[in-house]
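Participant: Could you work out the structure for the sequence below:
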Amino acid sequence: MNTYLNQISGIDDAIVSMFMSKRSWTREKELHIRRICSQVLRPNGSLREYNADLTEEFEEFSSWMSKLVKWGQKHITMLRFIDMSITVEGLHRAGQDDWDAHAKRFNNRIIRSSTRLADFSYEMSSWYEDKIIPTDLALKELDIHLPKVLHYEGVNYIKSVNGYIKEGYQDDADVKRGLYMLSIPSNFIFKVDLTEWAHVYKERNINGAANPEVKQCCESIADQIEGFHVQFNRELFMKILN
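Facilitator: A predicted model of the protein is given here:
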């Protein structure tokens, strides 16, 4: 399984939001904030390497970020301006179902590999590879050969992955996926704002009760978020009120 933090966006918007409530906002200040952010942030939203020629800009940005996480953990709408785009490769399908349980937190912005529109064989996620052996593969290893056609209760069934399918339905995607195991790898992409991510982290982190591969997925994403910005760390995720 691999996780990829593609982009963090909206940090400039979140910083601007800090100046709205007490009417300290001006259009000039907003443009200044956006200019500084464009200088110190890469296109994907991560912090650029320090540049001595931009010392003041980096210091000002760091000051804004410190204030943002201080106030944003209580005034959580501020952190909703910050969006993260994340791709996950190879999480097992049961873990995908667990992740889907948070679709509302993602504002339903999650698309995953379909078991209806794609075919799966005996592949499984890396977490399961050395832990289980599907019956078909075990029989092959034992040199036990199953018939291509099974006659059952007067009906022919055609051999497929993990079992048999009634003749006439062997190419029907909706029927074929009934035999897929929950260990098959699933890919998906989702977007989540920082406030809602904090809730997901609280539920799926290494100290929780989630499936081990789901916890690995969660912690890998958390590592990458902090790699983009040290202020967006596990301590902050646990403090955000949501």
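Participant: Mind jotting down where the helices sit in the chain?
Facilitator: Per DSSP state H, the chain carries helices over the ranges 11-17, 27-40, 55-72, 77-80, 93-100, 135-141, 173-176, 194-204, 212-228, 234-239.
Participant: Report the buried residues of the fourth one.
Facilitator: Taking 16 or more other CB atoms under 10 Å as the neighbour-count basis, helix 77-80 is seen to contain the buried residues M78, L79, R80. To be clear about C-beta, it is placed using only N, CA and C from the backbone, and glycine gets the same treatment.
Participant: about what we covered before: turn the helices of the chain into TSV, columns for mean pLDDT.
Facilitator: Compiled in TSV, these are given as follows (pLDDT from 0 to 100):
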stretch	mean pLDDT
helix 11-17	98
helix 27-40	98
helix 55-72	98
helix 77-80	98
helix 93-100	95
helix 135-141	95
helix 173-176	95
helix 194-204	98
helix 212-228	98
helix 234-239	98
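Participant: among the ones you listed, which is nearest I86?
Facilitator: helix 212-228 (5.9 Å; CB to CB).
Participant: Output that closest one in CSV with nothing but the alpha carbons.
Facilitator: Provided in CSV are the C-alpha atoms of helix 212-228 (Å, rounded to 0.1, in the frame of the first residue of the first chain):
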residue,chain,number,x,y,z
PRO,A,212,-3.8,-2.6,11.0
GLU,A,213,-3.6,-1.6,7.3
VAL,A,214,-6.1,1.2,7.8
LYS,A,215,-4.0,2.5,10.7
GLN,A,216,-0.9,2.3,8.5
CYS,A,217,-2.7,4.3,5.9
CYS,A,218,-3.7,7.0,8.4
GLU,A,219,-0.3,7.3,9.9
SER,A,220,1.4,7.5,6.5
ILE,A,221,-0.9,10.4,5.5
ALA,A,222,-0.2,12.1,8.8
ASP,A,223,3.6,11.8,8.2
GLN,A,224,3.3,13.5,4.8
ILE,A,225,1.0,16.3,6.1
GLU,A,226,3.6,17.2,8.7
GLY,A,227,6.3,16.9,6.1
PHE,A,228,4.5,19.7,4.2
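Participant: now the angle between helix 194-204 and it, please.
Facilitator: Here the directions of helix 212-228 and helix 194-204 differ by 140 degrees (axes from the mean of the first three to the mean of the last three CA atoms, to 10 degrees).
Participant: could you give the angle of helix 212-228 to helix 93-100?
Facilitator: With the same axes, to 10 degrees as the basis, helix 212-228 and helix 93-100 are set at 50 degrees to each other.
Participant: Does anything pack onto helix 212-228? Which helices or strands?
Facilitator: On a contact count with 3 or more CB pairs under 8 Å, 6 or more residues apart in numbering; DSSP states H and E, helix 212-228 meets strand 2-9, strand 83-92, helix 93-100, helix 194-204, helix 234-239.
Participant: And that helix, what's buried?
Facilitator: Across helix 212-228, burial judged by 16+ other CB under 10 Å covers 213-222, 224-226, 228.
Participant: And the helices and strands packed on helix 212-228: which comes nearest R48?
Facilitator: Of all the helices and strands packed on helix 212-228, it is strand 2-9 that lies closest to R48, at 13.2 Å by CB to CB.
Participant: State the distance from R93 to L117.
Facilitator: Computed as CB to CB, to the nearest Å, the R93 to L117 distance reads 14 Å.
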